[in-house]
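My questions are about this predicted structure, shown below with the sequence.
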Protein chains: 2
Amino acid sequence: MASGRLLVEILSIGDELLIGQTVNTNAAWMGRLLENEGWRVNRCVAVSDEEQAITEALVDAESRAELVLVTGGLGPTRDDITKHVLCRHFDTELVRHPEIEARIVAWFERRGREVLPVNRDQALLPAACTPLENPLGTASGMWFDRPGGVTVSMPGVPYEMEYIMEHGVMPTMRSRLSDAGRFPQRGHRSLLTMGTGESQLAKRLGEMEDVLEENGIKLAYLPSPGSVRIRLTAEGTSIAGLDRAHADVKERLAEWVVSDTGVSVEEELATLFKGEGWTLSVAESCTGGALGGALVARPGASGFFRGGVQSYANEAKVEMLGVPAEMIEAHGAVSEEVARAMAEGVRQRLGADYGVSITGIAGPDGGSEAKPVGTVFIACAGPEGTVCEHHRFGRDRARNQGMAVRAACRLAFQVGLSKKGNAKAAQGVADSL
Amino acid sequence: MASGRLLVEILSIGDELLIGQTVNTNAAWMGRLLENEGWRVNRCVAVSDEEQAITEALVDAESRAELVLVTGGLGPTRDDITKHVLCRHFDTELVRHPEIEARIVAWFERRGREVLPVNRDQALLPAACTPLENPLGTASGMWFDRPGGVTVSMPGVPYEMEYIMEHGVMPTMRSRLSDAGRFPQRGHRSLLTMGTGESQLAKRLGEMEDVLEENGIKLAYLPSPGSVRIRLTAEGTSIAGLDRAHADVKERLAEWVVSDTGVSVEEELATLFKGEGWTLSVAESCTGGALGGALVARPGASGFFRGGVQSYANEAKVEMLGVPAEMIEAHGAVSEEVARAMAEGVRQRLGADYGVSITGIAGPDGGSEAKPVGTVFIACAGPEGTVCEHHRFGRDRARNQGMAVRAACRLAFQVGLSKKGNAKAAQGVADSL
């Protein structure tokens, strides 16, 4: 194999990707894994379940990349043709693997399901490949050594692909690269900012960006609704300067930096609250539970999250949170008063240290001149009192809900930081509101 | 332009896609839009922010496709190079558009933000292109006529790209195809099944699949956790047979079919409950609010969704839902008894027609021999009583949470169908449990 970083290409097979019935999360998952390993993903391609398209894309990828990772088209039904295309591409034929067939039969028996002939035929694999074990499903991975590198075919079911990557592909590839004296040579650092746009961030950095570039450090701005992630990348000997560059950029952008690891604000919030031993509760109207759902997405949420109330209907705000009906009548359900009462109500009723609330008009209907679609009030109640923010997001329902969840996490994080007495950091976040 | 269906390729630019920091949802969104239009997406490619990679991929895509859609790399910061690469590719140079600059200035002023020179420079566009308006951001779309077709470049921010596609790209392309006498010639039908795997579905269809193929109708199985979507596709004159084929497949698979439009079970549930005028409430433990979040993701949720309780901690189950503490002590928080009490409690406290509950061990920790990770109890309480299901999902936390949300929707949908007296359909869903 050549020197330098391992060059990888990803080839995803399936009409469902091209017509958008499935989002290609596999490519992103593999990209993260490979990048962390220090390998370089050069290109990701998605093609349809057609022999010519698959073969052309394979030939093309193999002409450039040492490692070609193929996913999809390995199911038992006849729309899945990848295995047959690979046989012709590598000029080989299918052979039956009795030990794999036995595993498939056991797989169905454990689930109390009938084994069909097409399931048994999943044990037919190209003679030229080394099978890679897949205990989570019935389609094996296939490792093909070829001139110039390796091609691996895996099922498109995400957790099956992930298992095969982690247990079959990575260990073998690592030891080959190690044997050849080749090691990863790339580093990253990230920062998460909230409260301003990428051009303002770039302006603040000013000539610092030139200096970084001279030192071989590349800067990328990755905007998403409500935040901009900044990524610093260096290769080879420049990696040594990454930590210093990261600290410099963080200091220059201090007023907007929420996280200096680039992790999400939900994760920063969880780390802070667990570290301090504080508990959190939520009261959600227009997000219907999505904030709580985001908080429990990661393991360990029981270390700080008590629960909450999805007070979508006004009656739920009154009955479950003790918001006075007259207050809703006087100010409307989407108001600062109600947001505060929701946060205080859930904090008290769940006996939590903090309560965070969201009430807003997600859209597309329900807006007025005074309170257009996108109007959201977010409050945080704690031992030191209650704070409330008034946001005007946009017109898109899903985006408004997502921004509200993120803003609520940021507010609770800010209140917590302030309590912790980390005055500078808290002031930074506060300025960005 | 040639006859037949319009051939499209999608080229996404950005290191963040290759290293998996961003999932390529743009390609999926465009795929759905183009497929609905009857156009054919041939290939989706993602490359890094490097001139050579972008140019090679452009040349390659333009050699095959009549319409090449490029996204990404149009931000104001220096890591965004697409505009400059396009200038060299189309042998043209940047010119300033004063009316676009005025719009950019107004955009910042409306938001009370300072306009920087780099923002004004977003009004510099290649002379060879026709600008496409982007009222949601500062990067215009760019339409390039070229030999053999059209190339369009758009920002990578999803809602900006979507606006430009819907208002700039599609209308012009449609009228060109119409002028050339070319029309879409492809049709789809879908079914959503739950409760069995794809090989069992294929076996049940048996020789029907051959008959469909003879009639030019292609069948695809799209498995995802807990369900399999079946898609029927036909082109040209075969489209006439799609409705009949769809009805035949639906009848043959009746016991597993949840939706005959292929929409999600959340959507079927919402349609049923709104149609019948029933209200729904939720009580969520291990999903933390994700079920409610899924129910309010679509507009119109207030037509049936009352709200719920995120009873993550045991105290919340007792205080907010009236689950007896002794019951939790005796049976554990993850038990049929507690699931039933949660569903009945939230139904009663929120005064809803139905209450659905989820309690389980999402993982990765907290499992035991009797109740391993993946154990989830789901109950639905209604005027006719309470039913409860015991699931054993897998080992992955996010997957377990997602499957629990989906299973809860299916259970409520099944109970509702049964109430509606749609005996056959309800029996079908029940058999699949």
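Everything's here; your move.

For the most far-flung residue of chain A relative to its centre, what are phi and psi?
What lies farthest from the middle of chain A is A:E326; by CA atoms, centre = their mean that is 42.2 Å. Backbone torsions of A:E326, given as degrees, to the nearest 10, read phi -70, psi -30.

residue contacts, A:L201?
By CB atoms under 8 Å, 6 or more residues apart in numbering or on different chains, the residues touching A:L201 are A:T193, A:Y221, A:V228, A:I230, A:L253, A:W256, B:T77. C-betas here are computed from N, CA, C, even on glycine.

before we move on, what SS does A:V45 have?
strand (DSSP: H, G, I helix; E, B strand; the rest coil).

How much space separates it from chain B?
Distance of A:V45 to chain B, given as CB to the nearest CB, to the nearest Å: 5 Å.

tell me the contacts of that residue?
Taking CB under 8 Å, 6+ apart as the test, what A:V45 contacts is A:E9, A:I10, A:L11, A:S12, A:A57, A:D60, A:A61, B:R43, B:C44, B:V45, B:A46.

if we go to 10 Å?
A:9-13, A:27, A:53, A:56-58, A:60-61, A:68, A:70, B:43-47, B:57 (CB atoms under 10 Å, 6 or more residues apart in numbering or on different chains).

what bridges to it?
On the basis of DSSP bridges, A:V45 is bridged to A:L11, B:V45.

Is there a quick ChimeraX command that grabs whichever of the contacts of A:V45 are buried?
This is the ChimeraX syntax for the buried subset of the contacts of A:V45, where burial follows 16 or more other CB atoms under 10 Å in any protein chain shown:
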select /A:9,10,11,12,13,27,53,57,58,60,61,68,70 /B:43,44,45,46,47,57
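
Run through the bridge partners of the residue nearest to A:S264 when sequence neighbours are not counted.
Excluding the flanking residues, the one nearest A:S264 by CB to CB, 6 or more residues apart in numbering or on different chains is A:L192, at 7.1 Å. A:L192 has the following beta-bridge partners by DSSP bridges: A:R229, A:S259.

A:L192 against A:R229, yeah?
Yes: applying CB atoms under 10 Å, one finds A:L192 in contact with A:R229, separated by 5.4 Å.

out of the contacts of A:L201, which one sits closest to A:T82?
For the contacts of A:L201, the residue nearest A:T82 by CB to CB is A:Y221; the value is 37.6 Å.

Pull up the pairing partners for the particular helix or strand that has that closest one in it, direction included.
Per DSSP states H and E, A:Y221 falls inside strand A:217-224. If you go by DSSP bridges, strand A:217-224 pairs up with strand A:227-235 (antiparallel).

Distance from the chain centre to the partner strand, please.
Here strand A:227-235 is found 16 Å from its chain centre; the criterion is CA atoms, centre = their mean, to the nearest Å.

Who are the packing partners of the helix or strand following that strand?
Heading C-terminal from strand A:227-235, the first helix or strand you meet, by DSSP H and E, is helix A:242-252. For helix A:242-252, the packing partners by 3 or more CB pairs under 10 Å, 6 or more residues apart in numbering or on different chains; DSSP states H and E come out as strand A:186-194, helix A:198-205, helix A:208-214, strand A:217-224, strand A:227-235, strand A:257-259.

Could you dump these into JSON lines and include mean pLDDT?
Supplementary listing: the helices and strands packed on helix A:242-252 in JSON lines, determined by pLDDT from 0 to 100:
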{"stretch": "strand A:186-194", "mean pLDDT": "87"}
{"stretch": "helix A:198-205", "mean pLDDT": "92"}
{"stretch": "helix A:208-214", "mean pLDDT": "94"}
{"stretch": "strand A:217-224", "mean pLDDT": "85"}
{"stretch": "strand A:227-235", "mean pLDDT": "88"}
{"stretch": "strand A:257-259", "mean pLDDT": "88"}
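
Find the one among these with the highest mean neighbour count.
Of all the helices and strands packed on helix A:242-252, strand A:257-259 has the most neighbours on average by mean count of other CB atoms under 10 Å in any protein chain shown, namely a mean of 23.

Now do the buried residues in stretch A:241-256.
Residues A:G241, A:L242, A:A245, A:H246, A:D248, A:V249, A:K250, A:L253, A:A254, A:E255, A:W256 are the ones in stretch A:241-256 that count as buried (16+ other CB under 10 Å).

Confirm for me that the second one is in contact with A:L232.
Yes: taking contact to mean CB under 10 Å, the distance of 6.1 Å between A:L242 and A:L232 places them in contact.
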